[in-house]
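Colleague: this one's structure only:
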Ligand SMILES: Nc1nc2c(ncn2[C@@H]2O[C@H](COP(=O)(O)OP(=O)(O)OP(=O)(O)O)[C@@H](O)[C@H]2O)c(=O)[nH]1
Ligand SMILES: [Mg+2]
């Protein structure tokens, strides 16, 4: 490696809406408009004036996935209060170089984001043969009473005297939708839940919302979708032609989507995992269980030393930042008092499974602080998103539920009704939105 250039490749992940785009946007925004008084880069107080010079965006290969930093920054900064980034690609990239005033060398940072839900595909990535994957999925369904109930119409049709393929597809889509609503962890292929543009399946009647989604690669290049579903051994024997297309589609899914994606993640040296505790609380206990399960799958991807345990190549990740994100949505006093324990309980099993040489940092963070304290500590002020409660999108006080001291073993969405807010309307003296400890995370990433 050149002593004059230090390159880092950083993956940012988290479940749907956990804040990947805002995290990247806010970080780029703080770097582009760097002010050492509000974003400390130097490691200690002596270096508190360290600044960033010559920041230059670098060209990336896949232009389609380029993170539109400038557009998003302009929208965020609209006077009177802007809007959050929109969704445009499930994976986003941005590469930049700069020079720190306290270093001789140049730094180059290559960021990518990906939905943590892609880890639902880990089994597909690790299983070469379609038939082995099919058998495993059907086994999991049969082992789980609720899943078996949800999948019964599909399984019944698989055994019918005459099998209609379109009907079979439709029934599997409805089944998967029910699994998603119930936070079942064998919802694969993951593109059914989070498509290639990052869109998530809507809530609503399982039969109707599921049919516009694809069980595999969507249509493209003038050809139809490349969908696949799990077939039992008997069904595979009964439908040899359909089996052939299923094997082809399965292989295409692995080679076109999973191999490039997991291959790229494997090349990263740093991983940032965003954990949206307010959302996990306000979505009910199923969301917590799903998050834990996805972290467990992620730990399998990172277990680079395990014999035969590597997924599509050797993993290089040596640093992992675990972030309790959007802490500005939590009561001010509870941020440092309660979130650290919740973060630890959520991530301890994951950390335990990492190789001992992987450096782990845990952070309480808000990349873009969108609330202000209120004299009542159970209330915050912000631009509530709720259309009927705040059609004018102005700053208003609103109630914040209490964060529990530890994760309850059972809870429902009604127990923790957290609210969402628009980005802050900047005050006259503010040039940039504030952040909470985003610079701590950045120093951790940058540290040699
Ligand atoms: N208050 C607050 N809200 C945030 C913050 N970051 C993200 N959000 C909220 O979370 C929503 C989703 O953030 P995104 O950054 O788009 O999340 P994402 O992980 O990129 O979402 P997908 O790409 O759709 O999976 C935003 O629209 C905001 O409502 C933050 O720092 N503070
Ligand atoms: Mg996003």
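Modeller: Perfect, thanks for sending it. Model, not experiment: these values are computed from the prediction. Ligands and ions are numbered 1, 2, ... in the order given.
Colleague: So residue 321 sits against residue 343, correct?
Modeller: No - between residue 321 and residue 343 there is no contact, the gap being 11.4 Å when judged by C-beta atoms under 8 Å. C-beta: built from backbone N, CA, C; applies to glycine.
Colleague: now residue 300: how far from ligand 1?
Modeller: In this view, residue 300 and ligand 1 are 22 Å apart by C-beta to the nearest ligand atom, to the nearest Å.
Colleague: Could I get the buried residue list for the helix or strand where that residue lies?
Modeller: Residue 300 belongs to helix 285-302 when elements are defined using DSSP states H and E. By neighbour count on 16 or more other C-beta atoms under 10 Å, the buried set for helix 285-302 is 285-288, 290-295, 297-302.
Colleague: With stretch 316-326 instead?
Modeller: Buried positions in stretch 316-326, judged by neighbour count with 16+ other C-beta under 10 Å: 317, 319, 320, 321, 322, 323, 324, 325, 326.
Colleague: Then stretch 128-137?
Modeller: Judged by neighbour count (16+ other C-beta under 10 Å), stretch 128-137 contains these buried residues: 130, 131, 133, 134, 135, 137.
Colleague: how far out from the middle of the chain is stretch 114-122?
Modeller: 8 Å (C-alpha atoms, centre = their mean, to the nearest Å).
Colleague: residues making contact with it?
Modeller: Stretch 114-122 has contacts (C-beta atoms under 8 Å, 6 or more residues apart in numbering) with 11-16, 18, 20, 90-91, 185-190, 193-194, 198, 257-258, 261, 265, 273, 294, 297-298, 300-301, 311.
Colleague: now it: mean pLDDT?
Modeller: Stretch 114-122 shows a mean pLDDT of 96.
Colleague: Equivalent analysis for stretch 265-285, please.
Modeller: Averaged across stretch 265-285, pLDDT comes to 96.
Colleague: isn't there a helix covering residue 356?
Modeller: No - checked against DSSP: H, G, I helix; E, B strand; the rest coil, residue 356 lies outside a helix; its state is coil.
Colleague: Look up the pLDDT of it for me, please.
Modeller: 90.
Colleague: and it, how many neighbours?
Modeller: 5 (other C-beta atoms under 10 Å).
Colleague: From residue 15, how far off is it?
Modeller: Here the criterion is C-beta to C-beta, to the nearest Å. By it, residue 356 lies 27 Å from residue 15.
Colleague: same thing with residue 24?
Modeller: Applying C-beta to C-beta to residue 24 and residue 15 gives a distance of 16 Å.
Colleague: thinking again about what came up before, which ones among the buried residues of stretch 316-326 come in contact with ligand 2?
Modeller: Near ligand 2, judged by C-beta under 5 Å from the ion, there are no entries from those.
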